[in-house]
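**Student:** give me a 3D structure for the following:
(2 chains)
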There are 2 protein chains.
Amino acid sequence: MISPQTTSAAITDPGRAAQVLERFRQPIEESLQRALSDRGVPLYEMLRYHLGLDGGSPVQGKALRPTLCLLVCQALGGDWTKALPAAASIELVHNFSLIHDDIQDEDRERRHRPTIWSKWGVPQAINAGDAMFCLANLTLHDLRPLCGDALVVEVLDVLQEATREMIEGQYLDVSYENTPEISLDAYFDMIGRKTGALLRASVEIGALLAGTDATVRQRCRQFGEAIGRLFQIRDDMLGVWGESDTTGKPADSDIRRRKKSLPIVAALSYGSPEVREELLTIYAGQEVADAQIVRVLQLFADLSVRERVQVMADEAYQRAMALAGEIAFTPGGRSDLEALASFLLERDR
Amino acid sequence: MISPQTTSAAITDPGRAAQVLERFRQPIEESLQRALSDRGVPLYEMLRYHLGLDGGSPVQGKALRPTLCLLVCQALGGDWTKALPAAASIELVHNFSLIHDDIQDEDRERRHRPTIWSKWGVPQAINAGDAMFCLANLTLHDLRPLCGDALVVEVLDVLQEATREMIEGQYLDVSYENTPEISLDAYFDMIGRKTGALLRASVEIGALLAGTDATVRQRCRQFGEAIGRLFQIRDDMLGVWGESDTTGKPADSDIRRRKKSLPIVAALSYGSPEVREELLTIYAGQEVADAQIVRVLQLFADLSVRERVQVMADEAYQRAMALAGEIAFTPGGRSDLEALASFLLERDR
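**Tutor:** Numbering: from 1, shown residues only, chains lettered A, B, ... in the order given. Okay, the predicted model is just below:
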């Protein structure tokens, strides 16, 4: 068992994380290219554009979910090549949700490029997301010759249950826009569905396709949930304090669009009645002016929101490490997963 | 083999069609209720509302696709109860597409009630459609104990391939809005995907779950395609000449929103250069005024568009009947399917 203390070494090796994130990039990209191959309908052009597979500059995402799936499969002694179609399917589900999310949030940019809806309009962006979801289902077909029908059905179940939770989380996230105040519990329930479920499924499917038993699978689910919480907390931090150059999104974007992300939820939870009143008034307006953004950031600083949220990220990281310590990963695999978790704790993109 | 002539008897028996459409209503509705059962997130309320399962007035759709699936399964000597989860899944796919279609077309009413987006807003309507799609995938799980994993994967493949075509068709339909003129070939290609694919899959999955061989399955696919074409031609006729009371949509709605449905595609194909010019000018505007709708209807009458389109519907019906004649349906099952096809040819809702 790895104690939390020993993990600090991994934090200081960003090169290892980069190597881990790079390891499966090419096979994942090839699987996605295959899934999105043309059929004489320009629909697929939008999908390749979204995934950065259109021959333009390298603007792909981190492919975190499929990488995590393959890493876990490998770290449990499985053959990662057998899990590749499932990993691609997970990435397609994630990207279907991003395409629809961008419409819902009216986000005009992602990964330094116009989003699909801002380039092709809302109706076609809805179709693009639907097609991406459908291709995720179709890609599971490629598992058949590798793993057999029973495992295809198991993977479908795990992935679709997670997708269902993801959509529930998205529903809650949208509904929170019209709710003045969200409790920290409600926030963590929402991100557990919206982000946590698919990251949990990535880990669980990796374990499933490595042939592990139910006990290991259950621990892997919990490990995946902790990773999901860690990921989203850091994401919310980047949405307020991240640099536009690295995140690919406008700075302060989550304050500007009054998103109920962790910093504001935490500030409302910790602030005095006067501070809460002031924040609620700013967030109740139709638009947040630049001066108000400066004021919100000042109130966050007064309340040490960044430090408090950082503690939550650290706790999620420690929990992930403790859970990983209870799973019989190979030494190399454990080290890979630790490097990835460290990256999630410290990433700036 | 039933010759086309003998089918005219079925046309004169609307009671038979009503009985056929009613036969599986209750088990289908129960399956849908199960699929949409609550999980503490109000998301599911939207889905039950859309399907008319919210305890309000009986505003459900015809459940044509699941009924067709179960009828075909039964008519080929299969046990329809084993096909029920697949039938429910097909209906969920169809309704996911309707929810998103209503957003894309900006339709405010369906089945005499406000559409989801007009009641809950576009972002939540996107989530509702996504959830409906996801529940369609999850519902296939219920096939496992009834049919085994291999058939679950086969059904998934057939259904997802059809869903992919449906989304491609939806993409083409949206893109046609900005295309002044569509050929009849392009129109039939589009509806073959948008509507035909899922009706084809309904028939094919019914055959698959009845345990038929590849030859019968292939004929069933073609029968389903003919049914799909028949359905959509009639739908396009109702969009121009249907009564609002029975269709649940505003009268003349397809002209008002300048939809490239069959009547206008046919009129542009048959009209003189002057008539074409006039129609293209009306359809190029941002809005179609009431007087222009009257004028379009007059031009359609001058060109006998309704009669010509009726001939196309008759041809699709005859083709469906001829194909059905080549499939070894039980006598009762054949009669059911003929009654259903006759209903599709003559329906006013």
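**Student:** quick one: the strands in chain A?
**Tutor:** Ranges of strands within chain A are A:109-110, A:113-114, based on DSSP state E.
**Student:** of those, which stretch is the most buried?
**Tutor:** Of all these, strand A:109-110 has the most neighbours on average by mean count of other Cβ atoms under 10 Å in any protein chain shown, namely a mean of 18. All C-beta spots, glycine's among them, are computed from the backbone N, C-alpha and C.
**Student:** what pairs with that strand, parallel or antiparallel?
**Tutor:** strand A:113-114 (antiparallel) (DSSP bridges).
**Student:** quick one on the thing from earlier: where among the strands of chain A is average confidence lowest?
**Tutor:** Ranked by mean pLDDT, the strands of chain A end with strand A:109-110 at the bottom, a mean of 88.
**Student:** unless I'm mixing things up, A:Ala128 is touching A:Glu45, no?
**Tutor:** No - A:Ala128 lies out of contact with A:Glu45 (Cβ atoms under 8 Å); the separation is 9.5 Å.
**Student:** those two: which is more packed in?
**Tutor:** Neighbour count, other Cβ atoms under 10 Å in any protein chain shown: between A:Ala128 and A:Glu45, A:Ala128 has more, with 27 against 14.
**Student:** list the contacts of A:Leu230.
**Tutor:** Taking Cβ atoms under 8 Å, 6 or more residues apart in numbering or on different chains, we find A:Leu230 in contact with A:Ala313, A:Ala316, A:Tyr317, A:Ala320, A:Ala341, A:Leu344, A:Leu345.
**Student:** next, count neighbours for the last one.
**Tutor:** Number of residues near A:Leu345 (other Cβ under 10 Å) recorded here: 21.
**Student:** who's in contact with A:Met237?
**Tutor:** Applying Cβ under 8 Å, 6+ apart, we find A:Met237 in contact with A:Leu262, A:Pro263, A:Arg306, A:Val309, A:Gln310, A:Ala313.
**Student:** just the ones of the contacts of A:Leu230 in helices?
**Tutor:** Among those, DSSP state H puts A:Ala313, A:Ala316, A:Tyr317, A:Ala320, A:Ala341, A:Leu344, A:Leu345 in helices.
**Student:** leaving out chain neighbours, which residue sits closest to the fourth one?
**Tutor:** For A:Ala320, ignoring the flanking residues on the chain, the nearest one in space by Cβ to Cβ, 6 or more residues apart in numbering or on different chains is A:Ala226 at 3.8 Å.
**Student:** quick check: that neighbour vs chain B, distance?
**Tutor:** In this view, A:Ala226 and chain B are 23 Å apart by Cβ to the nearest Cβ, to the nearest Å.
**Student:** right, and that residue touches A:Glu326 too?
**Tutor:** No - using Cβ under 8 Å, A:Ala226 makes no contact with A:Glu326, being 11.7 Å away.
**Student:** ranges for the helices of the stretch 51-200 of chain A?
**Tutor:** A:64-75, A:80-105, A:116-120, A:122-139, A:144-147, A:149-176, A:184-191, A:197-209 (DSSP state H, counting those that start in this stretch).
**Student:** now those helices as JSON lines including mean pLDDT and distance to B:Leu184?
**Tutor:** Output for those, formatted as JSON lines (pLDDT from 0 to 100; distance: least, Cβ to Cβ, whole Å):
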{"stretch": "helix A:64-75", "mean pLDDT": "98", "distance to B:Leu184": "44"}
{"stretch": "helix A:80-105", "mean pLDDT": "97", "distance to B:Leu184": "33"}
{"stretch": "helix A:116-120", "mean pLDDT": "97", "distance to B:Leu184": "26"}
{"stretch": "helix A:122-139", "mean pLDDT": "98", "distance to B:Leu184": "23"}
{"stretch": "helix A:144-147", "mean pLDDT": "95", "distance to B:Leu184": "39"}
{"stretch": "helix A:149-176", "mean pLDDT": "97", "distance to B:Leu184": "39"}
{"stretch": "helix A:184-191", "mean pLDDT": "97", "distance to B:Leu184": "49"}
{"stretch": "helix A:197-209", "mean pLDDT": "98", "distance to B:Leu184": "44"}
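**Student:** do you know which of those lies nearest B:Leu51?
**Tutor:** helix A:149-176 (16.8 Å; Cβ to Cβ).
**Student:** so which elements touch the closest one?
**Tutor:** Using 3 or more Cβ pairs under 8 Å, 6 or more residues apart in numbering or on different chains; DSSP states H and E, the elements in contact with helix A:149-176 are helix A:80-105, helix A:122-139, helix A:184-191, helix A:197-209, helix B:43-50, helix B:122-139, helix B:149-176.
**Student:** so which of those is the most packed in?
**Tutor:** Neighbour counts (mean count of other Cβ under 10 Å) averaged over each of these peak at helix A:197-209, with a mean of 28.
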